[in-house]
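Trainee: Turn this into a model:
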Amino acid sequence: MAPTPEPGATRSRFGLEVVLVLGVSLGESAVYSLLRIIDRLTRPEPLSAQVTQMNTSVAAERPWLDLAYQLASLAFPLVPVLLALYLLWLAAGPPAWPGDVPGVRPWRRLGFDLTRPGWDVGWGFLIAAAIGIPGLGFYLLSREIGINTNVVPANLEQNWWTVPVYLLAAAMNGILEEVLMLGYFFLRFRQVGWSWAAILVVSAVVRGGYHLYQGFGGFAGNLIMGIAFGLLYLRWKRVGPLVVAHTLLDVVAFVGYAVVAPRVDWL
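Mentor: Presented below is the predicted three-dimensional model:
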């Protein structure tokens, strides 16, 4: 039987674990996002004249193959979420806050379960409403003053599966970002010994970082969102309503853009 590691060794292992999980998921995205913004800033045209496309077709002329590509691109980003939950199951670690129960299933420990569906959905709608309208205004302002690209979030060819894929993409983003950057990140780095303030700030900076490819407005907006979501998670210790809120925000961004953009000239 292997010897029980000393507390210091356990903290080092947990810290390395988080770095590796982020390194194959959102941390990797943050690095590529940084390279992307360097590329954009070194082009002759200003940021406001550049376009960021999301949810793009890969094989538009073959809808069945395009659908397969889209589903694969939605499934694989969720593997790091499963990995994080698996690692929490293998090594629960000590309680990270009062009321934290290491012995329960890891998804329940993070509040990513169906024990309070009405509460999660209700608060999710309220959070999305509170953030969505100011967020749209901030995006339009940042684009107008030249610190952000023109983001086009819906670029799939029209097929029977287009809207369902947008909905799945929104859910994937909500699960990936909130379970990792709030639940897993906050729990593990609290076990490492970080203060709540440090955890909150670093998590928000990483969140802003992997949106930097959109421009400095995308970075700032998501940094602020990360702080707000982090404070709510510290209050509730539950990612459920934040997953719902994030999903709803992306549903409006993806589906709403596809419906509204052809009819207006300000998006």
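Trainee: I'd like the distance between R116 and V18.
Mentor: R116 is 27 Å from V18, where distance means C-beta to C-beta, to the nearest Å. C-beta coordinates here come from the backbone N, C-alpha and C atoms, glycine included.
Trainee: Could you check which of the two is surrounded by more residues?
Mentor: Using other C-beta atoms under 10 Å as the criterion, R116 and V18 rank with V18 on top: 20 against 15.
Trainee: right, and the more buried one touches L187 too?
Mentor: No: contact criterion C-beta atoms under 8 Å: V18 and L187 do not qualify, at 9.6 Å.
Trainee: Next SSE downstream of the strand or helix carrying A128?
Mentor: If you go by DSSP states H and E, A128 is part of helix 117-144. Downstream of helix 117-144, the first helix or strand assigned by DSSP H and E is strand 150-152.
Trainee: Would you mark the buried spots in the helix or strand following that following strand?
Mentor: Later in the chain than strand 150-152, the nearest helix or strand by DSSP H and E is helix 162-178. Buried residues in helix 162-178, counted by 16 or more other C-beta atoms under 10 Å: 162-163, 165-166, 168-178.
Trainee: ok, and what's touching helix 162-178?
Mentor: Contacts to helix 162-178, defined as C-beta atoms under 8 Å, 6 or more residues apart in numbering, come from residues 25-26, 55, 67, 70-71, 74, 77-78, 80-81, 112, 154, 156, 207, 229, 239, 242-251, 253-255, 258.
Trainee: Can you go through these and name the buried ones?
Mentor: By 16+ other C-beta under 10 Å, the contacts of helix 162-178 give 25-26, 55, 67, 70, 74, 77, 80-81, 112, 154, 156, 207, 229, 239, 242-251, 253-255, 258 as buried.
Trainee: right, and F14 touches W194 too?
Mentor: No: with contact defined as C-beta under 8 Å, F14 and W194 do not form a contacting pair (10.5 Å).
Trainee: Neighbour count for these two, which is higher?
Mentor: Between F14 and W194, counting by other C-beta under 10 Å, F14 is the more crowded of the two (20 against 17).
Trainee: Perfect, I'm done here.
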